[in-house]
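1. Quick one, what's the 3D model for this:
(one chain, ligands or ions: 1)
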Amino acid sequence: MSDITSSLAKIVGEQYVSSQPEELFFYARDPGLMPAHKPDYVVVPKTTEEIQKIVRLANKEKIPLVPMGAGMALTGLIIPLKGGIVVDMKRMNKILEMNEKARYVIVEGGTSHGVLKAYLEKNYPRLRHSIPDAPATATIAANVVIHGQGRLTQQYGFNSDMVTGLEVVLPSGEICKIGSCSISKEWFSKGAPLPDLSGLFLGWFGATGIITKVALRLYPRKKMRDVEIFVTDRDDLVPDIVYELTHTEMAEDIVIFSQPKPLIFKDNHHVTIFITGDTDEELEFKRKMIWDAVDKFIKTKDGGFMWVQPAMKPTLLEMPQRSVSRFADVKKGGGFEYSGPIILVERYPECSRKVEELSSKYDLGYSGMARIIGRGHCMMYGFAFTFNRADPDMMDRVRKALHDVSDYVLEIGGVFWKATVDEQRLAIERMDPNTRNLMKMIKNNLDPKGIMNPGNWEVA
Ligand SMILES: Cc1cc2nc3c(=O)[nH]c(=O)nc-3n(C[C@H](O)[C@H](O)[C@H](O)COP(=O)(O)OP(=O)(O)OC[C@H]3O[C@@H](n4cnc5c(N)ncnc54)[C@H](O)[C@@H]3O)c2cc1C
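-> Sure thing, here's the model as predicted:
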């Protein structure tokens, strides 16, 4: 054992540390398209105190640290670009505290969305959280770190807007509480009425600290959930359709998809509207409001509601929606990756044409998927391409298509979501110089030795 391996073993126990090549092989990559890079060690801690000791060791020895959830962000954010220690959070998966009346839950920093969903269904069936369509192993802390979006994003904003408190191990090894929990035993607010310090960690991809606890807002779970699909072949009308729908404030979630296969979908835009209710009357009232809101587009014959066969409903209503992952199976060899910039809804027509243009330029299978954020304030537009992992040429074409998307996003006023390292660089170059300086001051002060997820948000 090297000195570092044995020091780590003293902290977490021998079976939870590895520097074996077989383990390092897996921790060198994520399921996306970014080049692999090996860590030197992998460690799987169980407590905040263990993380604190690992961080202090890394700090003393100037070893890079990469916090990792499920590794599902796909854009290479957990690839240890400069080697060092991957801190796999999966053993920190406990639900710590529940406040039913204030509707929030406190979970450990490696707790997955699947674990929280199962816990709530069993113990608090009247409550739910905003579930992303990522595989159920995806962790809550990482999802808010990358400003993820889920099933309640249309109503309440990014999943990170639903955070009500954090516990973080700083790069110095100090344990720091963020929000009301810093002065009270209650975790009801991440900021207001205090200065909101959560922004020092959310969006930073682990480059400013390791989150060991997250408090998250919960919302009422209605007894019934249903889905309507409004179809139009006029991409230019989609922003107006979304405006009318969001103005009703009746939808739980709105996602729009366009894809060339199966042929029934080709050249159409499917505005998928999820509604919920505790009674038939509530559901029917919401359905009527939704129908009335887009009636004018039906009258002009620009669109209409598609009959959603009962057999299709379970697939559309499941959370997370596994059909998203199944897009990887469109091509033999099972792979897909997407770029999901955050952009104004009025850019939908251009984005949907762009994804088609790139698919034909690079001869790729595609899917375009938009999720409305905060009642239409903006949207995530996913440019998704599928590939065969055994076909390096096809993978290279997907890389090129996604590279074109990066340039295009900036052209049309968008902002990268879960930006790759190259996109982070582009964003930093484009950023207002005073904002860039502020980021630099924050990073240099919190992490003067540059040990936290180095390569990410490096503001020179
Ligand atoms: C099929 C599919 C569908 C998806 N659908 C959605 C969707 O609907 N909505 C959505 O938001 N995302 C979606 N995603 C993207 C992604 O899977 C999720 O956002 C997921 O929540 C990321 O969590 P993770 O645990 O896999 O993160 P990881 O990839 O492990 O980590 C992401 C980042 O967080 C950092 N990090 C991890 N843990 C910590 C910690 N404790 N403290 C500090 N930093 C940390 C890492 O260093 C990294 O920078 C999808 C992905 C796939 C493959």
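2. Give me the longest helix you can find in this structure.
-> helix 392-411 (DSSP state H).
3. And for the helix or strand following that one, what's in contact with it?
-> Using DSSP states H and E, the helix or strand that follows helix 392-411 towards the C-terminus is helix 421-430. Helix 421-430 is contacted by residues 34, 75-76, 81, 403, 406, 410, 415-416, 419, 436, 439, 455-459 when judged by C-beta atoms under 8 Å, 6 or more residues apart in numbering. Placement of C-beta: from N, CA and C, glycine included.
4. in the stretch 101-250 of the chain, which spans are strands?
-> With DSSP state E, counting those that start in this stretch as the criterion, the stretch 101-250 of the chain has strands at 104-108, 127-128, 163-169, 175-178, 210-217, 219-220, 224-232.
5. Buried residues, stretch 453-460. List them.
-> Under the neighbour-count criterion of 16 or more other C-beta atoms under 10 Å, stretch 453-460 has Asn453, Pro454, Gly455, Asn456, Trp457, Glu458, Val459 buried.
6. Equivalent analysis for stretch 231-245, please.
-> Buried residues in stretch 231-245, counted by 16+ other C-beta under 10 Å: Thr232, Asp235, Leu237, Val238, Pro239, Asp240, Ile241, Val242, Glu244, Leu245.
7. Equivalent analysis for stretch 191-199, please.
-> By 16+ other C-beta under 10 Å, the buried positions in stretch 191-199 come out as Gly191, Leu197, Ser198.
8. and the ligand, which of the buried residues of stretch 231-245 contact it?
-> Subset of the buried residues of stretch 231-245 in contact with the ligand: empty, counting by C-beta under 6 Å from any ligand atom.
9. Dump these to JSON lines, plus pLDDT.
-> Listed next are those as JSON lines, based on pLDDT from 0 to 100:
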{"residue": "Thr232", "pLDDT": "98"}
{"residue": "Asp235", "pLDDT": "97"}
{"residue": "Leu237", "pLDDT": "98"}
{"residue": "Val238", "pLDDT": "98"}
{"residue": "Pro239", "pLDDT": "98"}
{"residue": "Asp240", "pLDDT": "98"}
{"residue": "Ile241", "pLDDT": "98"}
{"residue": "Val242", "pLDDT": "98"}
{"residue": "Glu244", "pLDDT": "98"}
{"residue": "Leu245", "pLDDT": "98"}
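10. residues contacting Val43?
-> Val43 touches Leu8, Ile11, Val12, Tyr16, Val17, Ile54, Ile85, Val86, Val87, Asp88, counting by C-beta under 8 Å, 6+ apart.
11. For the protein, which residues are neighbours of the ligand?
-> Residues of the chain lying near the ligand by C-beta under 6 Å from any ligand atom: 66-74, 77-78, 89, 109, 132-135, 138-139, 141-143, 145-146, 148-150, 205-206, 210-211, 324-325, 453.
12. give me the low-pLDDT residue ranges for the protein?
-> Within the chain, the stretches with pLDDT under 70 are 1.
13. sorry, back to before: helices and strands around the longest helix of the chain, which ones?
-> strand 334-339, helix 348-362, strand 378-388, helix 421-430 (3 or more C-beta pairs under 8 Å, 6 or more residues apart in numbering; DSSP states H and E).
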